[in-house]
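**Student:** let me see the structure of the following:
(2 chains)
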Amino acid sequence: MDLLQVSVWRGAASGGYRDYEVPRQESQSVLDVVTYIQRSIDPTLSYRFACRVGMCGACAMTVNGVARWTCRTHVTKVAQDNAIQIAPLANLPVVKDLVTDMREFFDKWARARGRFAPGATRKEPFARVASNSPERVAANAGIECIGCGVCYASCDVVSWNQDYLGPAALNRAWTLVNDVRDTAQRERLAAVAGDAGCHACHTHLACSERCPKQIEPTASIAGLKRAVAIAALKGEL
Amino acid sequence: MSGAAQSYASEPAATNAGARIETWLWIAQRASAAVLALCVLVHLITIIYAVRHGLTGAAILARTRGNGVGLGFYALYVLAIAVHAPIGLRSLCQEWLGWRRASLDWFVGGLALALFAFGLRAGWAVFSS
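**Tutor:** Purely as a prediction, here's the structure:
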């Protein structure tokens, strides 16, 4: 039988790689490989997944040094000399094995004012937003994010500055900056400006390159820089 | 409209003052970069002209002496450098050295003044010599 050589991170912040041999299957995903190890070789292996079809974003891991959704990554696409290496996402604390602690990642969404702040009540009519308005088009470009953390794990600036809000939180803020119904725009622009916010981005484009949803957080962050600068020039920051 | 900011009490907010300063530094660096793009081009063309025409030091000084346009141009150039370089160096120190204290702002502020003073001194020297 054709065997795949799999090297998997075991432990938390300190730990090491352990090697496993997994039978090759047709159309085998990296998530299938991890599941095989856990169910047939070593039940103590911890990892996280839910939907298995690229909807939930829970199964993101580092495969051969690159952050990916393991459920949507075929082994044939990433195996080198019939071997793959699987590690937890970078830039996040490791809980155990392939499971990372996502708290800081989502706390940063809150810090970037990533929450819709409504102004209207149920007594008022629905807001009408033209689907081809520039704001709606800009929001559409970033709104499909499912919070998998692949961009955050791929970002150099996050690895240099632990306070940096990161591509996903800033992308979320940008979609809300373009939500004409939102009433917290001033607070949001103040929250995303500065050394921990949009101005720290170096435009390396790793987030845009790696995003499994083909979102471009770099473009969203550039939009935030423009919006913040315009607010500052108007004295509204 | 009061629903805007009420529910964020537990979230540490960037201070508005900090956000304003960082934003103005960013604007200043971008604006000075635009000035520098032009100034560096003019400066390089001048150097290439001087070298290709074999101008001597004395011949160059003869042209710069009392040249108000030249002094004005280099004063602008020096100002753009004094604004642009320290802001960039500040970011580098923050990211690579983890230097994020107030002492960094004093350091880059001093650097800005030194770049401006020494640059102007050089410009003045070829104007007044």
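**Student:** state the mean pLDDT of the longest helix seen in chain B.
**Tutor:** Of all the segments assigned as helix in chain B under DSSP state H, the longest by residue count is helix B:16-52. When pLDDT is averaged over helix B:16-52, the result is 93.
**Student:** now swap in stretch A:202-216 and tell me
**Tutor:** 97.
**Student:** next, the buried residues of that stretch.
**Tutor:** A:206-208, A:210-213, A:215-216 (16 or more other Cβ atoms under 10 Å in any protein chain shown). (C-beta placed from N, C-alpha, C; glycine too.)
**Student:** show me which residues of chain A are close to chain B?
**Tutor:** A:110-111, A:113, A:115, A:117-119, A:157, A:160-161, A:183-184, A:187, A:189-197, A:199-200, A:225, A:228-229, A:231-233, A:237 (Cβ under 8 Å from any Cβ of the partner chain).
**Student:** mind checking which of the buried residues of stretch A:202-216 are in helices?
**Tutor:** Using DSSP H, those in helices are A:206-208, A:210.
**Student:** what's the closest of these to residue B:61?
**Tutor:** Using Cβ to Cβ, residue A:206 comes nearest to residue B:61 of these, at 50.3 Å.
**Student:** so the closest one touches residue A:154, yeah?
**Tutor:** Yes. Residue A:206 is in contact with residue A:154 according to Cβ atoms under 8 Å; the separation is 4.3 Å.
**Student:** the closest residue to residue A:236 other than its chain neighbours: which element?
**Tutor:** Using Cβ to Cβ, 6 or more residues apart in numbering or on different chains and skipping the chain neighbours, the partner closest in space to residue A:236 is residue A:186 (6.4 Å). Element membership for residue A:186 (DSSP states H and E) is helix A:185-192.
**Student:** so what does that helix touch, helix or strand wise?
**Tutor:** helix A:167-177, helix A:217-233, helix B:16-52 (3 or more Cβ pairs under 8 Å, 6 or more residues apart in numbering or on different chains; DSSP states H and E).
**Student:** please save the CA atoms from that helix in CSV.
**Tutor:** Below are the C-alpha coordinates for helix A:185-192, written out as CSV (Å, rounded to 0.1, in the frame of the first residue of the first chain):
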residue,chain,number,x,y,z
GLN,A,185,-17.9,55.4,12.4
ARG,A,186,-15.9,58.0,14.4
GLU,A,187,-15.1,55.5,17.2
ARG,A,188,-14.3,52.8,14.6
LEU,A,189,-11.9,55.0,12.7
ALA,A,190,-10.1,56.0,15.9
ALA,A,191,-9.9,52.3,16.9
VAL,A,192,-8.3,51.2,13.7
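**Student:** buried set for that helix?
**Tutor:** Buried residues in helix A:185-192 (16+ other Cβ under 10 Å): A:185, A:187-192.
**Student:** what mean pLDDT does the helix or strand containing residue A:157 get?
**Tutor:** Element membership for residue A:157 (DSSP H and E) is helix A:156-160. For helix A:156-160, the mean pLDDT works out to 93.
**Student:** just checking, what packs against it?
**Tutor:** Packed next to helix A:156-160, using 3+ Cβ pairs under 8 Å, 6+ apart, is no helix or strand.
**Student:** which residues are contacting it?
**Tutor:** For helix A:156-160, the external contacting residues (Cβ atoms under 8 Å, 6 or more residues apart in numbering or on different chains) are A:90-91, A:152, A:164, A:166, A:200-202, A:204, A:206, B:95-96.
**Student:** now find how far off-centre the longest helix of chain B is within its chain.
**Tutor:** 6 Å (Cα atoms, centre = their mean, to the nearest Å).
**Student:** near chain A at all, it?
**Tutor:** Yes. Contact of helix B:16-52 with chain A (Cβ under 8 Å from any Cβ) involves B:16, B:18-27, B:30.
**Student:** dump the residues you listed to TSV, plus neighbour count and distance to residue B:75.
**Tutor:** Formatted as TSV, the residues of helix B:16-52 next to chain A follow (neighbours: other Cβ atoms under 10 Å in any protein chain shown; distance: Cβ to Cβ, whole Å):
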residue	neighbour count	distance to residue B:75
B:16	15	34
B:18	16	32
B:19	25	32
B:20	18	28
B:21	16	26
B:22	22	28
B:23	24	27
B:24	15	22
B:25	20	22
B:26	20	24
B:27	17	21
B:30	13	21
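**Student:** pLDDT at residue A:13, what is it?
**Tutor:** Reported pLDDT for residue A:13: 89.
**Student:** ok, it to residue A:116 distance?
**Tutor:** 35 Å (Cβ to Cβ, to the nearest Å).
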